[in-house]
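Visitor: fold the following, please.
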Amino acid sequence: YYGDKMLVQNPPMPPLEREELDRVYSLPYARDFHPDYIDEGGVPAITEVKFSIPHNLGCFGACNFCAIAFHQGRAVRSRSVESVVEEAKKIAALPDFKGYINDVGGPTANFRSPSCDKQREHGVCPSKKCLAPTPCKNLKVDHTEYSDMLRQIEQVKGVKKVFIRSGIRFDYLILDEDDTFFRQLVERHTSGQLKVAPEHCSQNALMMMGKPPVEVFEKFKAKFFKISKEAGLEQYLVPYLMSSHPGTTMNDAVNMALWLKEWGYSPEQVQDFYPTPGTISTVMYYTGIHPMTGKSVYVTTDYREKQLQRALLQYRKPENANMVREALRLAGREDLIGNSPECLVRPAFGQGESARYIPEKKNSRGGRSAGGKKATAKGSTPRTVSGKKTKLDRVFGEDSARIKREAARLSDEERKKGKGARTAG
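Guide: Numbers count the residues shown, from 1 in each chain. Model (predicted):
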């Protein structure tokens with residue numbers, strides 16, 4: 001009760017069992033966007049899902065920041081192999097099908113059943129997790145049915161390739177003593193890139209996230225590339241990474257940048273933590289306390305610090321250079337600012353022993369100028385006379401025009417010095 005008002009919270013609906021899921025997916029869906037969108041050019045986002053097949057619901061991974069367990073449950077339920085294969089036949093009969101099943105997955109692609117026999121009988125454990133920080137001794141690891149289902153889909157007339165683009169739970173896969181599915185995944189169901197979710201490399205951050213230690217991911221990564229090489233395939237991992245999760249400090253973000261540098265990976269996308277309803281991470285974010293232990297947790301709610309942590313994970317991007325320098329100074333890691341291979345970012349122009357260019361100054365209107373000349377318009381990109389971007393333009397953006405002017409000035413000074421020396425001789 002809240003004053004004179006009463007809040008009624010209904011219990012969650014029990015998860016649909018296999019027979020019920022099969023019945024839902026057997027309904028005659030249109031498998032296309034509504035005709036009202038035709039005049040607007042359709043719905044481009046449907047391309048990926050139109051030729052994809054969901055085969056499960058729920059996830060017993062139970063990451064602290066993830067809300068899937070709250071709207072799909074921790075007890076995994078899945079469709080029968082027959083139901084999934086039948087949907088593949090319907091997709092193959094579509095007039096615009098090109099022969100490629102984009103995904104056979106779900107919240108976690110390689111889960112097909114509850115994590116253990118006890119979970120089938122008594123439900124999920126209220127205070128224990130199945131995989132993190134260490135796997136439960138009762139966990140059953142089996143990819144047999146999933147492997148067989150994928151093979152049957154490959155046999156459907158009109159299907160050329162079957163891919164898995166949903167996230168694979170790598171810490172579950174690496175526990176399987178039988179390498180059959182791992183090799184099948186790498187050799188036949190990876191479209192050049194495989195999505196996985198290590199999220200971070202810092203032990204403290206991973207503990208707060210409810211993820212396994214980074215050593216588990218390193219073991220999986222090594223095995224993935226080993227099998228890819230043996231199969232003669234050049235393939236890559238696409239990791240989901242998260243910055244500024246509760247418990248993640250600036251030093252953790254620096255270590256993450258160094259880990260990515262050692263790996264040789266430059267992420268195009270990084271997710272900054274945001275609170276989702278009902279999760280453990282959200283409680284930590286708003287209270288600064290871990291609800292399961294009662295201990296204090298470092299939480300950054302400062303927007304600038306969140307920007308800096310995120311920039312460190314994408315330290316290679318030229319537009320992040322100033323924020324990376326700022327973050328490294330705040331973390332006391334100025335040793336990582338320099339021109340040596342071990343450094344994350346070069347010194348700013350006009351700073352450091354080898355720097356040759358002078359930083360631009362803001363003019364009275366807040367714009368930038370150099371050498372008293374008119375500043376480049378904000379958002380514009382300097383181009384060559386022919387109108388084509390040079391490599392310098394692409395790397396340095398707005399700074400390229402200033403760099404060219406300074407280089408020309410230095411070249412002109414050198415030429416004058418040389419001319420003066422020849423005259424004196």
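Visitor: need phi/psi at the residue nearest the centre of the chain.
Guide: The residue lying closest to the centre of the chain (C-alpha atoms, centre = their mean) is residue 240, at 2.4 Å. Backbone torsions for residue 240, taken as degrees, to the nearest 10, come to phi -80, psi 130.
Visitor: host element of the residue nearest to it when sequence neighbours are not counted?
Guide: Nearest residue to residue 240 in three dimensions, chain neighbours excluded: residue 197, at 4.0 Å (C-beta to C-beta, 6 or more residues apart in numbering). From N, CA and C alone the C-beta is placed, and that goes for glycine too. For residue 197, the host element (DSSP states H and E) is strand 193-199.
Visitor: which residues touch that strand?
Guide: The contact list for strand 193-199 (C-beta atoms under 8 Å, 6 or more residues apart in numbering) reads 63, 164-168, 170, 185-186, 205-206, 209, 211, 214, 217, 220, 224, 235-242, 245.
Visitor: in it, which residues are buried?
Guide: Of the residues in strand 193-199, 194-199 count as buried by neighbour count, 16 or more other C-beta atoms under 10 Å.
Visitor: hmm, residue 348 is touching residue 326, no?
Guide: No. The pair residue 348 / residue 326 is not scored as a contact, 10.4 Å apart, by C-beta atoms under 8 Å.
Visitor: for the stretch 201-350 of the chain, just list every one of the strands.
Guide: Along the stretch 201-350 of the chain, counting by DSSP state E, counting those that start in this stretch, strands occupy 236-243, 271-272.
Visitor: pick the most buried one from the ones you listed.
Guide: Ranked by mean neighbour count under mean count of other C-beta atoms under 10 Å, the strands of the stretch 201-350 of the chain are led by strand 236-243, which reaches a mean of 20.
Visitor: for that strand, packing partners?
Guide: strand 193-199, helix 250-263, strand 271-272, helix 303-313 (3 or more C-beta pairs under 8 Å, 6 or more residues apart in numbering; DSSP states H and E).
Visitor: averaged pLDDT, it. What do you get?
Guide: If you average the pLDDT over strand 236-243, you get 95.
Visitor: can I get it in CSV? Just the C-alpha atoms.
Guide: Extracted in CSV, the C-alpha atoms of strand 236-243 (Å, rounded to 0.1, in the frame of the first residue of the first chain):
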residue,chain,number,x,y,z
TYR,A,236,37.7,-13.2,-36.3
LEU,A,237,36.1,-12.8,-32.9
VAL,A,238,33.8,-9.8,-32.3
PRO,A,239,33.7,-9.2,-28.5
TYR,A,240,31.0,-7.3,-26.7
LEU,A,241,32.8,-4.9,-24.4
MET,A,242,31.4,-2.7,-21.7
SER,A,243,32.9,0.5,-20.0
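Visitor: the inter-axis angle of that strand versus helix 303-313?
Guide: Angle, strand 236-243 to helix 303-313, by axes from the mean of the first three to the mean of the last three C-alpha atoms, to 10 degrees: 160 degrees.
Visitor: tilt between strand 236-243 and helix 250-263?
Guide: Strand 236-243 runs at 170 degrees relative to helix 250-263, counting by the same axes, to 10 degrees.
Visitor: tell me the SS of residue 104?
Guide: strand (DSSP: H, G, I helix; E, B strand; the rest coil).
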